[in-house]
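Enquirer: sequence first, predicted coordinates after that:
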Amino acid sequence: MSKELRQKYLRTNKTTFCLGCGYEIFINCFLRANEELGIEFQKTIFVSGIGCAAWIPSPYFRAETLHTTHGRPLAFATGIRLVRPKNRIVVISGDGDLVTIGGNHLIHSARRNLPMSVFCMNNSIYAMTGGQAGATTPKGAITSTDMEGNKESPFDLIKLVLASGANFASRYPVAFPRQMVEGIKKNLMAGEKKFAFTEIVSVCPTQFGEKNNFKSPGQMLKKQKESGIISGEFENLEEYLKLEKLYEATQLCTFQVIG
Amino acid sequence: MEKRQTRGGWQQAKSLLPSGKYLMSGNEACAEGALVAGCKFFAGYPITPASEIGETLAKRILEVGGVFKQMEDEISAIGAVLGASWAGEKTMTATSGPGFSLMIENIGFADMTEMPCVIINVQRGGPSTGMPTKPSSSDIMMARYGCHGGTPHIALCPSDVQECYDLTIKAFNLSEKYRSPVIVLSDASLAHLREPLKIKSKVKIFDRIYEKGKQHFGPTKDFSAPSMPTPTDGEFLMTTGSAHNEWGVRNTFEPKGYEKLIWHLEKKISLSKELTDTEEFMTKDASQIVIAYGFTGRMAREAVANARLEGKKIGLIRLKIVWPFPETIIKKYEEQCQEFIVPEMNQGQLHNVVNQCVTDKTKTAVTSLAQPNGELINSEQIFEYLTKKTWGTRK
């Protein structure tokens, strides 16, 4: 990240994320997207919940940040949105926070379609608490609560949000930073008018990688790159391949843009 | 030098309805009180017997340029309320027992981040679904602490429709002044009782204080509420439910700072002398004193007046602010009084608190007249105890 970006948008130079964490790639891309759109943080309100991802805006972003209770950032953001129509509202939180404990608020916020940008940082696991399975953990993945592999199927967040009534949903893996910057820009622009949801498929080498035989963070990113496809290509795939790719998407990898 | 910016403090507000007498239910009076106090945001979830507060505000709040939102559950209702409060508006929600239970976690968040808001809890019989249409006072202890962390709350108990109106205004003033959630404990019978209500043309209201550049959170030196900026003041607010220092910077490992913060949250409320509001009725020479609150309070008043006619030396202390508990008043009457009588629509929650305050239990007895059966305690029942020492409830 360039020094200028850091000085402009961050409170500190250091973060507490683990080595190889995908969230730092997101921070870089997010700030770049803001810079390119000319967005100042003075009028941006960041809301986050609990977990690793919730630490991205609070305390690192030099903006108005509200760090709420576990699973409830969308409820808080709804309240803020209704009384502060002029500010940009960005919700950045994890998959466990937004989808598992806060799933009810997610579908209802999508249904309400109030203007806000939502970034769901999906690392497929509860990382801060020690690597337990959540509603986004791929089937068969090893977690600290299921050593034989997760027996439940994960949510497809894009489908969930679209089915709930929102009309902007996108997904980007951290292995494709350039595309992600463009995706974040699209989200931020859409978030001025409607509920814009973006799932950032991240990597967690500490909790997910170690348990699931990834030897390094680089290997996880490589896996994302191999199995990821860009949206145009996705549309042209054969129907049976589409299904396969969609399944892979839940296995940490594919990205597609809708909306 | 930068210009010093301040705002907030006591103001005069005009009543929305023309002054005069109205016929209103307790729930409607709560809603009207909120509007006069400056409430601009209401989020809620329907629940018997509190629904009418939301229904009234859904129409009326638009007339003052406010926002009404029905949320998907009580958790998000209080979440939205706190979000709007953080954004700078006066906010309120209304619920009953089960909803109040759901809200508790975020009320703790409001404690930690010192966020003002008003929660009206129209009590019904519990636990769980209990008796949804019947009155009760069973959430008294829950309102006192409720959340993990043990920070105290301010709780008010109206006993008639007039007080539903007055105490809701007061609740807003206190919540803004102390930067704390304030709970108004109404009940199912008061909620639907229609009574005459007097509305004055002018009301004193308090707006949260903001001084530019001052610390955003506790601890403060004198245990007062710190200045509260809104996100549009450009102070780069950092608000977190984690332990934090006076600028909101997370501080979750350092015992000293955390302890200071916890004592700040405790003493902000417990040391305040303003937070006592009681009605003392015929207590001067009383040797027996009834301590009551809420709907039972007005029944006790009648019973005490009738017992006086029989020549009994009986008085009444009616609590309008239940929490923080007015210990000094109990101490004041302890010497002259042989018995404190606490009639309650629960198993005796406040009785235990009064009992703790009495130092010499051989001289002063504390009697609990408990009736947790979903029925109101009427004045005849209390009168019977005062004159014949019998308490006719099923046990």
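Expert: On my side now, so go ahead. Numbering: from 1, shown residues only, chains lettered A, B, ... in the order given.

Enquirer: ok, B:L62 to B:F68 distance?
Expert: Separation of B:L62 from B:F68 (Cβ to Cβ, to the nearest Å): 7 Å. For every residue, glycine as well, the C-beta is placed using N, CA and C.

Enquirer: neighbour count winner among the two?
Expert: Legend: neighbour count by other Cβ atoms under 10 Å in any protein chain shown for B:L62 and B:F68, higher for B:F68 (18 against 11).

Enquirer: from what I can see B:G54 touches B:M71, true?
Expert: No: in this structure, B:G54 is not within contact of B:M71 by Cβ atoms under 8 Å, at 10.4 Å.

Enquirer: what touches both of those two?
Expert: Residues touching both B:G54 and B:M71 (Cβ atoms under 8 Å, 6 or more residues apart in numbering or on different chains) are B:G44.

Enquirer: neighbour count winner among the two?
Expert: Ranked by neighbour count (other Cβ under 10 Å), B:G54 and B:M71 place B:G54 first, with 26 against 22.

Enquirer: and that one, helix, strand or coil?
Expert: When classified by DSSP: H, G, I helix; E, B strand; the rest coil, B:G54 comes out as helix.

Enquirer: who's in contact with it?
Expert: So, once contact is read as Cβ under 8 Å, 6+ apart, B:G54 ends up touching B:F42, B:G44, B:P46, B:F68, B:Q70, B:A94.

Enquirer: again with A:P115
Expert: A:R81, A:I89, A:G191, A:E192, A:K193, A:K194, A:F195.

Enquirer: distance of the nearest residue to the fifth one once chain neighbours are set aside from B:A191?
Expert: Which is A:K193. Closest residue to A:K193 apart from its sequence neighbours, by Cβ to Cβ, 6 or more residues apart in numbering or on different chains: A:P115 at 5.4 Å. To B:A191, A:P115 is 36 Å away according to Cβ to Cβ.

Enquirer: what do you get for B:A300?
Expert: Applying Cβ to Cβ, the value for B:A300 to B:A191 is 20 Å.

Enquirer: burial measure for the closest residue to B:K312 other than its chain neighbours, as a count.
Expert: Leaving aside its sequence neighbours, B:K312 sits nearest to B:L386 (Cβ to Cβ, 6+ apart; 6.1 Å). B:L386 has 23 neighbours, counted by other Cβ under 10 Å.

Enquirer: how about B:A29?
Expert: 31.

Enquirer: picking up where we left off before, okay, the residue nearest to B:K312: pLDDT?
Expert: B:L386 is assigned 93 on the pLDDT scale.

Enquirer: same deal with A:Y240?
Expert: Note for A:Y240: predicted pLDDT of 58.

Enquirer: so A:F197 sits in a helix?
Expert: No: applying three-state DSSP, one finds A:F197 to be strand, outside a helix.

Enquirer: excluding its backbone neighbours, what's nearest B:K198?
Expert: B:K21 (5.8 Å).

Enquirer: check the secondary structure at that neighbour for me.
Expert: strand.

Enquirer: which residues sit in contact with it?
Expert: Taking Cβ under 8 Å, 6+ apart, one finds B:P196, B:L197, B:K198, B:I199 in contact with B:K21.

Enquirer: pLDDT score for the second one?
Expert: Spelled out, that is B:L197. pLDDT, read off for B:L197, is 96.

Enquirer: assign it to helix, strand or coil.
Expert: Going by three-state DSSP: B:L197 is strand.

Enquirer: return the set of residues that bridge with it.
Expert: B:Y22 (DSSP bridges).

Enquirer: doesn't B:V161 make contact with it?
Expert: Yes: B:L197 is within contact range of B:V161, at 5.2 Å (criterion: Cβ under 8 Å).

Enquirer: so where's chain A uncertain?
Expert: A:228-259 (pLDDT under 70).

Enquirer: please report phi then psi for B:V342.
Expert: phi -120, psi 90 (degrees, to the nearest 10).

Enquirer: can you tell me how far it sits from chain A?
Expert: As defined by Cβ to the nearest Cβ, to the nearest Å, B:V342 lies at a distance of 35 Å from chain A.

Enquirer: just say helix, strand or coil for the nearest residue to that residue once chain neighbours are set aside.
Expert: Once flanking residues are discounted, B:V342 sits nearest to B:H351: 4.2 Å by Cβ to Cβ, 6+ apart. The three-state assignment at B:H351 reads helix, by three-state DSSP.

Enquirer: so how far is B:M131 from B:H351?
Expert: Separation of B:H351 from B:M131 (Cβ to Cβ): 21 Å.

Enquirer: more neighbours: which of the two?
Expert: Neighbour tally, B:H351 and B:M131, criterion other Cβ under 10 Å: the higher count belongs to B:H351, 21 against 15.

Enquirer: which residues touch that one?
Expert: Contact analysis of B:H351 by Cβ under 8 Å, 6+ apart lists B:V342, B:E344, B:V366, B:T367, B:S368, B:A370.

Enquirer: now do 10 Å
Expert: B:I291, B:F340, B:I341, B:V342, B:P343, B:E344, B:V366, B:T367, B:S368, B:L369, B:A370 (Cβ atoms under 10 Å, 6 or more residues apart in numbering or on different chains).

Enquirer: return the residues of the stretch 101-250 of chain A in contact with chain B.
Expert: Contact residues (Cβ under 10 Å from any Cβ of the partner chain) of the stretch 101-250 of chain A with chain B: A:G102, A:N104, A:H105, A:I107, A:H108, A:S109, A:R111, A:R112, A:L114.

Enquirer: from those, which land in helices?
Expert: In helices, defined here by DSSP state H, the members of those are A:N104, A:H105, A:I107, A:H108, A:S109, A:R111, A:R112.

Enquirer: which one of those sits closest to chain B?
Expert: Nearest to chain B among these is A:H108, at 4.2 Å by Cβ to the nearest Cβ.

Enquirer: is it fair to say A:F76 lies in a helix?
Expert: Yes: assignment of A:F76 by three-state DSSP places it within a helix.

Enquirer: can you tell me the helix or strand for the residue lying closest to it once chain neighbours are set aside?
Expert: In space, A:F76 comes closest to B:G83 once its chain neighbours are excluded; the distance is 3.7 Å by Cβ to Cβ, 6+ apart. If you go by DSSP states H and E, B:G83 is part of helix B:74-86.

Enquirer: partners of the helix or strand just after that helix in the sheet?
Expert: Per DSSP H and E, the first helix or strand lying C-terminal to helix B:74-86 is strand B:90-95. Sheet pairing for strand B:90-95, assigned by DSSP bridges, gives strand B:39-44 (parallel), strand B:117-123 (parallel).
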